[in-house]
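> structure here, sequence nowhere to be found:
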């Protein structure tokens, strides 16, 4: 009788001690490197479109037939219509011309669907 109580009491103590130990071991480890990597990630979208006009003075492109690139959507591509795109500060407007298809990375925070305006982080000609 004394041994069975001791065994029961010992088992309960082991279980009670195991619960905090398991929660400590299963907690994700955050190193300074992980935090820096997550902080450096910018929420970007990729969009494609055809250049309709270029206004180098304002730093703006007008694009027709704009759609989300394969990497930024699921399902079939759907035209989002015409958009006004603010080019990045270091963009060379001589590298594109009307009728050319481009791909651009945009910051998702600047994606304004109601006004059809967006700011590009990068712009790359496709054709």
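Cool, the structure landed. What you see is a predicted model; the values in this text were computed from it and never measured.

> and the biggest strand by length in the chain, which strands flank it?
For the chain, the strand with the greatest residue count under DSSP state E is strand 44-55. Strand 44-55 sits in its sheet next to strand 60-68 (antiparallel), strand 101-107 (antiparallel), going by DSSP bridges.

> per-domain residue ranges of this protein.
For the chain, automatic domain parsing gives the domain ranges 2-40, 44-125.

> dump the ones you listed to TSV, plus mean pLDDT and mean neighbour count.
Placement of C-beta: from N, CA and C, glycine included. Conversion of the domains of the chain to TSV gives the following (pLDDT from 0 to 100; neighbours: other Cβ atoms under 10 Å):
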stretch	mean pLDDT	mean neighbour count
domain 2-40	74	9
domain 44-125	90	15
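
> quick one on the thing from earlier: and residue 8, which of the strands paired with strand 44-55 is closest to it?
Shortest distance between residue 8 and the strands paired with strand 44-55, using Cβ to Cβ, is found for strand 101-107: 61.3 Å.

> contacts for the closest one, please.
Here strand 101-107 makes contact (Cβ atoms under 8 Å, 6 or more residues apart in numbering) with 42-51, 61, 63, 69, 85, 96, 118-127.
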